[in-house]
Every structure is written in structure tokens, then in C-alpha cells.
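# I'd like to go over a predicted model; first the sequence, then the structure.
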Amino acid sequence: MKWRFGIIGGDRRQAELARMLAQDGHVVTTYGLDSGENVLKGRLEQALKADVVILPLPLCAKPGRIVCGTEEVPVETLFEQLHSTQLILGGRVKAEEQSAAQARGLQLRDYFRREELTVANAAATAEAALQVAMEHLDRTLLGTKCLVLGFGRIGKLLSFRLHGLGAQVAAAARKASDRAWIRAYGWKALNTAALAGELESFPVVFNTVPSLLLDEPLLKELPAGCMYVELASVPGTEFSSAQQLGVRCIRAAGLPGQLVPVTAAEAIREAVYQMILEERGDPV
């Protein structure tokens, strides 16, 4: 079955997604995207009339606003023009955004809650993080002591990839069970709540934890010229303090959309198709 898709705002992931959906034979209208051939670039009102409306990841890059190219559209303005028979998909939907949609009787679903998508995104982030690190290092990762802060999906996959490149891996986790797994893989396990006295040997640090972990006393423990790669949406350290102490800070949140948009779009497309099947009962 062929569907009418409206894709509103976002980055290169959504542009690639529009191209892929059009190649699959669907009618795709975009707003606020440079989406290439076979895709209709219409007015916002046209995109909002689609059977399935796909919004960015995250839904609102700024509080209450969806970024559409150079324009910022209030999310409430979009909700006012949508109706209950449409399937509306957004990424990292916040509770207040979901409540606003529900108040209008809208079917707003969060495609980033799909495990298959979050795992694919984590894999893409881990691979892109290695690319960023290698572009900024003046040495190979082989033999380099690397610390990964956090042992969630991204932390696990990044640790495995670093190990595969011959790095000396250490990973920090809050849970004792995660630290047990880190040791079982043959890596050094650290407690994120007890990092004092443990950081002086790591010239490369990757952070995946969206909360402050490295305060100024901990930053002072890092070796001179240490490279800190920030992968979390909320920084794990205070950049100005880190830079004053000689730590090279690289902001690298949202890597899939920047470096591997095709892979990211493929994962979103599969999640979208599965959600349509589950919500409407029709294979795509």
C-alpha cells in the first residue's frame, strides 16, 4: 500500500528519509528540507494534510519550536492544523509535547522509543565517534588508553569498537552489574560516582552520560592535552573550565544526523514502516 507522507523540518536524516520514501513509491511532501528528486516541496499546509506526518528528532530542538530550515515553527501551531485520523510521528517527544497533542486528540507517537531504532542509532553514533576521534588525534587508537563514561547502548558499542581497534579500554558505569560486565569483557571498570584518583592515565575520554560527571577537581586529574569527546545531549562537563585546564573538548552530540545521515534515515524508515503496520494494520 502506498501512503502520503508529510515530512516537516529536521536535518539531513529527514531529507534522506524523504528521498527513500519517495523511491519506495510513496507520495512525499516536505517543508523546511532540501530533499532532492521525486519529493514535493510544498507549503506547510500541504505537508500537514498527509496520512502520516513525520516530525524531527528531537521533535523540538528549541523549547516549543520545530526547526524548519531557517524558520522556527511553534509546535502548537502544527498541532492546531492536524487531526485525529492522522498518524503523527516525532522523535524524543517530551512529556509536555505529548500532553499538548493528547489534549487535541492527536495520535502522536515517538519513533525514537523503538528499540530497533535506538540500537541502530547507538551503533551509528559509536562508529561516528571513532571517526571524530581519529580526525582530531595525532596518534592511532592502537595502544591508547581510552575511557568511556557510561555503559548504556552507545557506551557498550563504543567500547567494543575501541577494543577492536586495539585501544586499552576502560568504562565507567553507575550500576555494579554493568561494572561486572565491563570486567568480564576484559576492560577496566570504574564507578562514575567515584572517579577521583582514576583519570590521570587517559588521554582520550568519551562521554555518553547526559549529566555533569567531570567537575573542575576531576578535570584537573586528566593528563595534559587530553581529548574529551562529548556525545551526550546534556554535557558531562563544563567546557569553559575544561578548556582553561588544557582539555581539548569536542562537541559531538547528534553525530548520526551529521556524519551518517543515510544510515540514520534507513533506520528511521524501518521504524516508521513498522509503526504504520502496528497502528493501521497495513504493510508498507
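Received, thanks.
# strands of the stretch 1-150 of the chain, residue ranges please.
With strands called from DSSP state E, counting those that start in this stretch, the stretch 1-150 of the chain shows them at 4-8, 27-31, 40-41, 52-54, 65-68, 71-74, 87-90, 107-110, 145-149.
# using JSON lines, lay out these together with mean pLDDT.
Below are those laid out as JSON lines (pLDDT from 0 to 100):
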{"stretch": "strand 4-8", "mean pLDDT": "95"}
{"stretch": "strand 27-31", "mean pLDDT": "93"}
{"stretch": "strand 40-41", "mean pLDDT": "62"}
{"stretch": "strand 52-54", "mean pLDDT": "97"}
{"stretch": "strand 65-68", "mean pLDDT": "90"}
{"stretch": "strand 71-74", "mean pLDDT": "89"}
{"stretch": "strand 87-90", "mean pLDDT": "96"}
{"stretch": "strand 107-110", "mean pLDDT": "95"}
{"stretch": "strand 145-149", "mean pLDDT": "98"}
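# of the ones you listed, which is nearest P261?
When the strands of the stretch 1-150 of the chain are compared by Cβ to Cβ, strand 4-8 sits nearest P261, at 13.4 Å. Every residue, glycine included, has its C-beta placed from N, CA and C.
# quick one: strands adjacent to that closest one?
Within its sheet, strand 4-8 is paired with strand 27-31 (parallel), strand 52-54 (parallel), according to DSSP bridges.
# so can I have a markdown table of the strands of the stretch 1-150 of the chain showing distance to E270 and mean neighbour count?
As requested, the strands of the stretch 1-150 of the chain are arranged in a markdown table below (distance: least, Cβ to Cβ, whole Å; neighbours: other Cβ atoms under 10 Å):
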| stretch | distance to E270 | mean neighbour count |
| --- | --- | --- |
| strand 4-8 | 14 | 24 |
| strand 27-31 | 16 | 24 |
| strand 40-41 | 23 | 16 |
| strand 52-54 | 13 | 25 |
| strand 65-68 | 23 | 20 |
| strand 71-74 | 27 | 14 |
| strand 87-90 | 13 | 24 |
| strand 107-110 | 15 | 19 |
| strand 145-149 | 27 | 24 |
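# of these, which approaches Y273 most closely?
strand 52-54 (10.1 Å).
# let's have the strands of the stretch 1-150 of the chain in TSV, adding distance to A196.
Shown next, in TSV, are the strands of the stretch 1-150 of the chain (distance: least, Cβ to Cβ, whole Å):
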stretch	distance to A196
strand 4-8	47
strand 27-31	50
strand 40-41	54
strand 52-54	45
strand 65-68	40
strand 71-74	42
strand 87-90	40
strand 107-110	38
strand 145-149	14
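# who wins for proximity to A122 among those strands?
Across these, closest to A122 is strand 145-149 (Cβ to Cβ), at 12.5 Å.
# what helices and strands are in contact with that closest one?
On a contact count with 3 or more Cβ pairs under 8 Å, 6 or more residues apart in numbering; DSSP states H and E, strand 145-149 meets helix 153-164, strand 168-173, strand 204-207.
# show me the contact partners of stretch 77-85.
8, 44-45, 48, 53, 55, 66, 88, 100-101, 104-107 (Cβ atoms under 8 Å, 6 or more residues apart in numbering).
# which of these sit farthest apart?
L44 and G105 (20.7 Å).
# between the two, who's got more neighbours?
Ranked by neighbour count (other Cβ atoms under 10 Å), L44 and G105 place L44 first, with 18 against 10.
# mind listing what the more buried one touches?
Here L44 is in contact with 8, 31, 68, 73, 81 (Cβ under 8 Å, 6+ apart).
# swap in 7 Å and give it another go.
With contact taken as Cβ atoms under 7 Å, 6 or more residues apart in numbering, L44 is in contact with 8, 31.
# again with G166
141-143.
# out of the residues you listed, who's nearest R280?
Nearest to R280 among those is L141, at 46.0 Å by Cβ to Cβ.
# and that closest one, how many neighbours?
L141: 19 neighbours (other Cβ under 10 Å).
# report pLDDT for it.
pLDDT for L141: 96.
# which residue sits farthest out from the middle of this structure?
Outermost residue of the chain with respect to the C-alpha centroid, by Cα atoms, centre = their mean, is G197; its distance is 31.3 Å.
# local confidence estimate at that one?
You'll see G197 listed with a pLDDT of 96.
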